[in-house]
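J.: Fold the following.
(one chain, ligands or ions: 1)
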Amino acid sequence: MAVMERRVTLKSAAQIERMAVAGRLVAEVLDRVGAEIRPGVTTLELDALAHEMIRAAGATPSFIGVPGPAGAYRHALCISIDEEVVHGIPGRRAIAEGQIVSVDAGAIVDGWHGDAARTWVVGDVPEPVARLVEATRDAMLAGIAAAQPGNHIGDISAAVEDVALKHGYGVVRQFVGHGIGTEMHEEPQVTNFRSGHRGRRLEPGLCLAIEPMFTLGRHDVRVRPDGWTVETLDHSLAAHWEHTIAITPGGPRILTEHPARVPEAIGA
Ligand code: MG
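T.: This next block holds a predicted model:
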């Protein structure tokens, strides 16, 4: 999710370890939910699975209770299909062959948040659609690789945007990445495009959610009357990937992934 509050906090090494516990739970939830994504499953069933896993771990879903224009959010996941970008509300609709399904999950463990999203393709999709999904993930990883101490927020934004520019994708501008810690949304914002500012210098202890949202069409989005679901104005397909990371003296550390699966290119 991507709504803003206004606080920058730096975390100690011990606090980052606690965030890694929350992050690992989020990774496990996304693994499990991803394994269940198939034609016929409803988004509410996926949400129930995630909710149960988070509760069973003694944790709390980050998204439940987040205030919105039509009342507080009531689900553990946001599930956004095809032209939906982010904040899709789980419900009775069933997933269908050929769709792209983005799942955003957040969990709080002992007061610390983890926040991550992945986009899956359901069965066969046209090659340009598969490429959108892959390139959005590549952009997230490029942004993470740029999150080195001494760099600036703007370096992350530029690395992400460059991937979109290469493919001609729309880069959603109304929703952006964010700081994260004991609040799901802290400062600074992390735009997925060059904002014209270098932004804050990256230093060890800064924890960020890096989350590109790319479209096959234009970047313009609107919020549906349900108060949550963000969709592309031109109904072009959209993909969304997100990791929570910590800046460490040795480089970025992905917190929302199993340590064994962190891509080598990101390592210090
Ligand atoms: Mg987020």
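J.: okay, CA-based contacts and neighbour counts for the rest of this
T.: OK.
J.: what about the chain, any weak spots by pLDDT?
T.: Confidence mapping of the chain against pLDDT under 70 gives the ranges 1-6, 259-268.
J.: Can you pull up the most central residue in it?
T.: Most central in the chain under CA atoms, centre = their mean is Glu242, positioned 2.8 Å from the mean C-alpha point.
J.: What segments of the protein are helices?
T.: For the chain, the helices defined by DSSP state H occupy 13-36, 43-56, 127-145, 153-167.
J.: that older thread, for the ion, see how far away the residue nearest to the centre of the chain is.
T.: Noted for Glu242: a distance of 7 Å to the ion, by CA to the ion, to the nearest Å.
J.: Counting neighbours, what do you get for Asp114?
T.: Careful, residue 114 is Gly and not Asp. Neighbours of Gly114 under the rule other CA atoms under 10 Å: 33.
J.: Please identify which residue in the stretch 151-268 of the chain comes closest to the ion.
T.: Residue nearest to the ion within the stretch 151-268 of the chain: Ala209 (5.4 Å; CA to the ion).
J.: and that residue, what is it in contact with?
T.: With contact taken as CA atoms under 8 Å, 6 or more residues apart in numbering, Ala209 is in contact with Asp115, Ala116, Gly177, His178, Gly179, Ile180, Val190, Glu242, His243, Thr244, Ile245.
J.: Settle this for me: the fifth one is touching Val8, isn't it.
T.: Yes: between Gly179 and Val8 there is a contact under CA atoms under 8 Å: 7.0 Å.
J.: joint contacts of those two?
T.: With contacts taken as CA under 8 Å, 6+ apart, Gly179 and Val8 have Glu186, Glu187, Pro188 as neighbours in common.
J.: Just give the number of residues close to the last one.
T.: So the one you mean is Pro188. By other CA under 10 Å, 23 other residues sit near Pro188.
J.: Verify the stated contact: Met140 with Val160.
T.: Yes: in terms of CA under 8 Å, Met140 counts as a neighbour of Val160; the distance is 6.3 Å.
J.: If you count surrounding residues, which of the two has more?
T.: Val160 (33 against 28).
J.: Return the residues in contact with the more buried one.
T.: Per CA under 8 Å, 6+ apart, neighbours of Val160: Ala139, Met140, Ala142, Gly143, Asn192, Phe193, Pro212.
J.: Neighbours of the residue lying closest to the residue nearest to the centre of the chain once chain neighbours are set aside, how many?
T.: Spatial nearest neighbour of Glu242, excluding adjacent residues (CA to CA, 6 or more residues apart in numbering): Glu211 at 4.1 Å. Counted with other CA under 10 Å, residues neighbouring Glu211 total 32.
J.: Please tell me how far Glu211 sits from Glu186.
T.: Taking CA to CA, to the nearest Å as the measure, Glu211 falls 14 Å from Glu186.
J.: What of Ile16?
T.: 15 Å.
J.: repeat for Ala107
T.: Ala107 is 15 Å from Glu186, where distance means CA to CA.
J.: ok, those two, which is more surrounded?
T.: Of the pair Ala107 and Glu186, Ala107 is the one with more neighbours under other CA under 10 Å, namely 33 against 22.
J.: How about the contacts made by the more buried one?
T.: 22-23, 25-26, 54, 59-63, 113-115.
J.: Which of those residues sits closest to Val172?
T.: Nearest to Val172 among these: Asp115, at 18.7 Å, using CA to CA.
J.: Quick check: the closest residue to that closest one other than its chain neighbours vs the ion, distance?
T.: Nearest residue to Asp115, sequence neighbours excluded (CA to CA, 6+ apart): Gly106, at 4.4 Å. Noted for Gly106: a distance of 8 Å to the ion, by CA to the ion.
J.: thought Gly106 was touching Val66?
T.: No: the criterion here is CA under 8 Å, and Gly106 misses it with Val66 at 11.6 Å.
J.: Neighbour count: these two, which is higher?
T.: Higher neighbour count among Gly106 and Val66: Gly106, with 30 against 14, using other CA under 10 Å.
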